[in-house]
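Student: Predicted coordinates and the sequence they were generated for:
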Amino acid sequence: MRHGKYPFVIGFLFAPVTLYVVFVIAPYAQAFQISMTNWRGLSAPQWVGFDNYRRLLDDGSFWKAVQHHGVLLLALPLITITIALFFSFLLNVGGKSSGGQRQGVWGAKFYRVVFFFPQVLAVAIIAVLFQMVYRPNESGLINGVLMKFGFDPVLFLIRPNLALWSIIAVLVWQAVGFYVVLFSAGMASIPGEIYEAAEMDGATKVTLFFRVTLPLLWDTLQVAWVYLGIAAFDAFAIVAVLSVDGGGPDGATTVLAMEIYRNAFVYSKYGYASAMGVALFFLTLTFAALTLRLTKRESVEY
Amino acid sequence: MSNTPEHPAELDRRTVLRRAAAVGMLATPAIGLLSACATSGDDKENEQVSGGTKSATNPLGAKEDAPIEVVIFNGGYGEKYATDVHEPLYKKAFPKSEVKHQATQAVSTVLQPRFAGGNPPEFVNNSGEKFLDFGALVNDGQLQDLTELWDAPSVDDPSKKVRDTVIPGIVEQGMFNTADGGRKPFVLYYVSTVYGIWYSGKLFKDNGWTAPTTFEQFKALCEQIKAKGITPYGYAGANAAYYQWNVILTQAAKIGGTDVLKNIDNLEDGAWKQDAVKQAAEAWAEIGAKYSDKSFEGLKHTDVQLRQNQGKVAFYPSGDWLENEQKKDTPAGFTYQLIPVPSLTASDKLPAAAIRAAGGEGYFVSSKSKNPRGGMEYMRQMLSKAGARGFTETVGAATVVPAGSDGFQFPPGVASAQAALKAAGKDVFNMLFDNWYKELDTEARTATNELMFGRIKADAFVERIQKRADAIKKDSSVTKFKR
């Protein structure tokens, strides 16, 4: 019955592939094209070759944004994964064992739900919430308490050295829940006997974590790292809503998506913004390829 | 979400207006669209009516019995001011003429096909979210050159030209670059906006403070206010830094004359490094350092305005939409009052009363309509004392015709703004660079926060904005404007 296989397959693929080409591939291709023009949104675009890219080279805000992505790329996955691993370990295998089954700490089920809350909220809402949390006067959540005790308010989003880290903290807060769940699922599939055997040999919880859990979770970690890395290349919504003066103070929290947005929709420099978009595209791609290559190692079969 | 999603309804409309002006001034047209439509309609030119007899009461020579069609944007100001005030005025002047009235909330939807079909209405209130691109209309030759109107004698005093009955700078604001490189007035901006520094009349009265006119007095008063535990001065750094560069540049204009601003608008070399700008920046950096609050950089305009309403901030810079915007949050008896930016030195080029004012809400006459002279005459009636007064009485906002606002019972804030405008006399100015070059606006905002919250000094402030201005000047992809 191999007769008619191709029409059948093509018939199924036709709709999704067309949609994908029209709504994803074509805009990408068009971004490349527009990035070579000086299009301002109204009159017909003029071809300018690599002018926009040359201009990128001495655009201070562009490099500032790239630098911030560097910081985000290191800090966001590292902090998020560390915290998420710690919590999911506690939730799954951190408690006492009963009847040979490893258990989470007391109330683990409840915590699991709580951790997931931020993931359910829309990003814009999180940003607005944290405006209240970080507010630099007595009506801010943190500073209100600090000022009650007579301390000076901490200017979270205002001090240039602190602003980016305040943003990173929000990104971590929002991401942790998802990765706790992801890692929990990974841990749940590690057979209990392995823990049991290790424990009989006198392994402490720390040893259990580093010698058993971590190696067996490697694949999941790798995925998490790529996801978070890609998230580090975005961060637009939080920065746009939360930061002072759109990526400020003085560009201290700006990211590429913010600069793209500003150039396209505030300055109407669609050509230049597209060039930034193309740069961002290649940055993300390079990162994903590198991560997958560097973290490649034999996964443990069990 | 351009700029930042900051503005509540009232300011939203304003932003739209500002953008209307901004986008309109781009001489880059969306003519493609217009002509695309035109190809589907028949292209025959409208047959225009021949002129009427020019006379003292009809200086523009509108034909007495030719009808005119008026299209009003039915938005914040409604349509009543047209049906109840302006249209009857026209009817009274030309009893034989018929005025066709139409109101819409989507101007472009209704009018785009009319322009494309060569059958536009005489008079249009081009405003709201769906306004027609002024620049595109100019480039397509759709707008009537209003030079004749501005030079015509005014309705109330034939010895006075219409252009002398409006706030200085208003004619200028409606001027556009034409395709042949000229510059002509095409748009009438009708609603008045006055900028200054606001305080609570009640707070000042209770404490026996008097409004300062010089910088020395201003600083001395700030000292007293500070001693009371009130933050003397503040603006919102998070999204309203342009309120503050407006103050700094207004100060600069007062020190060095209005040419300072003209140079900035025209991207002249070293415009931002002019001594006046640097002096103004220095003066305000000191206010920022001594009399403001570091936390304001992280607050939005509504937050700081609320703090002023609560009596925690004394002075706040803004335009005269502030009172209406804050109506719900202002405690009883608050009494908004405006002072012009105080004069810095005794050798300032402009007097202490000098003030920044601009127009909003754009109106135009279609050059390709049947009766463009009638449209201009309608504008002349609008700009008469009775027309302006009627508008103000109907919608509660001041027009660009000061005589129309005389003696009208405005709420205290607008009243004080109008009084300040009147006191300023000829010394009224405006600036346009932020609408022309958004990038320069962004840079000025950022630099202003850096300056006012003490991270850079005046030298670095003018240096960095100048650098951006130079870059824009060199950028061939940015359309340049001159005034």
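Tutor: Received it, and whenever you're ready, just let me know what you need.
Student: What parts of the stretch 201-350 of chain B come near chain A?
Tutor: Contacts of the stretch 201-350 of chain B with chain A, taken as CB under 8 Å from any CB of the partner chain, map to B:237-239, B:241, B:293-295, B:297-299. Placement of C-beta: from N, CA and C, glycine included.
Student: try it again with 6 Å
Tutor: The stretch 201-350 of chain B has residues B:238, B:295, B:297-298 near chain A, with proximity defined as CB under 6 Å from any CB of the partner chain.
Student: Check these and tell me the two furthest apart.
Tutor: Greatest spatial distance among those (CB to CB): B:Ala238 and B:Ser295, at 10.4 Å.
Student: Around chain B, which positions in the stretch 151-300 of chain A sit nearby?
Tutor: Within the stretch 151-300 of chain A, the residues that sit near chain B (CB under 6 Å from any CB) are A:157-158, A:244, A:246, A:249-250, A:265-267.
Student: Of these, which is the most crowded?
Tutor: Neighbour count (other CB atoms under 10 Å in any protein chain shown) singles out A:Val244 as the most crowded of those, with 29 neighbours.
Student: Kindly provide the distance from the one residue in the stretch 101-250 of chain A that gets nearest to chain B to A:Leu162.
Tutor: Closest residue of the stretch 101-250 of chain A to chain B, CB to the nearest CB: A:Pro136 (3.7 Å). Per CB to CB, to the nearest Å, A:Pro136 is found 11 Å from A:Leu162.
Student: which one of those two has more residues nearby?
Tutor: Taking neighbours as other CB under 10 Å, A:Pro136 and A:Leu162 compare with A:Pro136 leading, 24 against 16.
Student: Could you report the neighbour count for the closest residue to A:Ala84 other than its chain neighbours?
Tutor: Counting by CB to CB, 6 or more residues apart in numbering or on different chains, A:Ala84 lies nearest to A:Tyr179, which is 3.5 Å off, once chain neighbours are set aside. Neighbour count for A:Tyr179, taken as other CB under 10 Å: 26.
Student: Pretty sure A:Tyr179 sits in a helix.
Tutor: Yes - using DSSP: H, G, I helix; E, B strand; the rest coil, the assignment for A:Tyr179 is a helix.
Student: if you count what's nearby, which of B:Ala238 and B:Ser295 comes out ahead?
Tutor: Between B:Ala238 and B:Ser295, counted using other CB under 10 Å, B:Ala238 has the larger neighbour count: 27 against 22.
Student: correct me, but that one touches A:Ser243?
Tutor: No - with contact defined as CB atoms under 6 Å, B:Ala238 does not reach A:Ser243; the gap is 8.6 Å.
Student: Next up, the contacts around residue 242.
Tutor: Assuming you mean chain A. By CB atoms under 6 Å, 6 or more residues apart in numbering or on different chains, A:Leu242 lies in contact with A:127, A:130.
Student: meant chain B actually
Tutor: Counting by CB under 6 Å, 6+ apart, B:Tyr242 has contacts B:Arg445.
Student: how is chain B carved up into domains?
Tutor: Using automatic domain parsing, the domain ranges for chain B come out as B:9-192+B:359-429, B:196-356+B:433-474.
Student: What average pLDDT does the last one get?
Tutor: Read that as domain B:196-356+B:433-474. Here domain B:196-356+B:433-474 scores 91 as its mean pLDDT.
Student: Just the endpoints, please. Distance across that domain?
Tutor: For domain B:196-356+B:433-474, the first-to-last residue distance is 33 Å (CA to CA, to the nearest Å).
Student: Show me how far that domain is from its chain's centre.
Tutor: In terms of CA atoms, centre = their mean, to the nearest Å, the centre of domain B:196-356+B:433-474 is set 18 Å apart from its chain centre.
Student: sorry, back to before: contacts only, for the residue of the stretch 101-250 of chain A closest to chain B.
Tutor: So A:Pro136 contacts A:153, A:155, B:295, B:298 (CB under 6 Å, 6+ apart).
Student: mind running it again at 10 Å?
Tutor: Taking CB atoms under 10 Å, 6 or more residues apart in numbering or on different chains as the criterion, A:Pro136 is in contact with A:142-143, A:153-159, A:244, B:238, B:293-299.
Student: among these, which ones are buried?
Tutor: Neighbour counting over the contacts of A:Pro136 (16 or more other CB atoms under 10 Å in any protein chain shown) leaves A:143, A:153-159, A:244, B:238, B:293-299 as the buried ones.
Student: Filter the residues you listed down to just the ones in helices.
Tutor: Of the buried ones among the contacts of A:Pro136, the ones assigned to helices by DSSP state H are A:Asn143.
Student: Pick out the residue closest to the middle of chain A.
Tutor: The centroid of chain A falls nearest to A:Ala231 when counting by CA atoms, centre = their mean (2.5 Å).
Student: I'd say that one and A:Ala75 touch.
Tutor: No - with contact defined as CB atoms under 10 Å, A:Ala231 does not count as touching A:Ala75 (11.8 Å).
Student: Return every residue with contacts to both of these two.
Tutor: Common neighbours of A:Ala231 and A:Ala75 (CB under 10 Å, 6+ apart) are A:Leu171.
Student: how about the helices in the stretch 351-483 of chain B?
Tutor: B:372-382, B:385-395, B:402-405, B:412-424, B:433-436, B:438-452, B:458-474 (DSSP state H, counting those that start in this stretch).
Student: The fifth one packs against which elements?
Tutor: Meaning helix B:433-436. Using 3 or more CB pairs under 10 Å, 6 or more residues apart in numbering or on different chains; DSSP states H and E, the elements in contact with helix B:433-436 are helix B:9-25, helix B:241-256, helix B:259-265, helix B:438-452, helix B:458-474.
Student: before we move on, the earlier item: what's the closest of the residues of the stretch 151-300 of chain A next to chain B to B:Phe115?
Tutor: Nearest to B:Phe115 out of those is A:Phe265 (CB to CB; 26.7 Å).
Student: Please tell me how far that closest one sits from A:Leu280.
Tutor: 16 Å.
Student: Also B:Asp470?
Tutor: Using CB to CB, one gets 28 Å for the distance from B:Asp470 to A:Leu280.
Student: Same question for A:Ala198.
Tutor: Separation of A:Ala198 from A:Leu280 (CB to CB): 45 Å.
Student: The two - which one has more neighbours?
Tutor: When A:Ala198 and A:Leu280 are compared for neighbours, A:Leu280 comes out ahead with 21 against 15, by other CB under 10 Å.
Student: In contact with that one, which residues?
Tutor: A:31, A:65-66, A:69, A:233-234, A:255-257, A:259-260.
Student: tally of neighbours for residue 170?
Tutor: All of this is about chain A. 21.
Student: wait, I meant chain B there
Tutor: Burial of B:Ile170 is recorded as 25 neighbouring residues (other CB under 10 Å).
Student: Looks like it contacts B:Gly362 (just checking).
Tutor: No - under the criterion of CB under 10 Å, B:Ile170 makes no contact with B:Gly362, lying 11.2 Å away.
Student: any common contacting residues for those two?
Tutor: Common contact partners of B:Ile170 and B:Gly362 (CB under 10 Å, 6+ apart): B:187-190.
Student: hmm, back to that, ranking the helices of the stretch 351-483 of chain B by burial, who's on top?
Tutor: helix B:372-382 (a mean of 27; mean count of other CB atoms under 10 Å in any protein chain shown).
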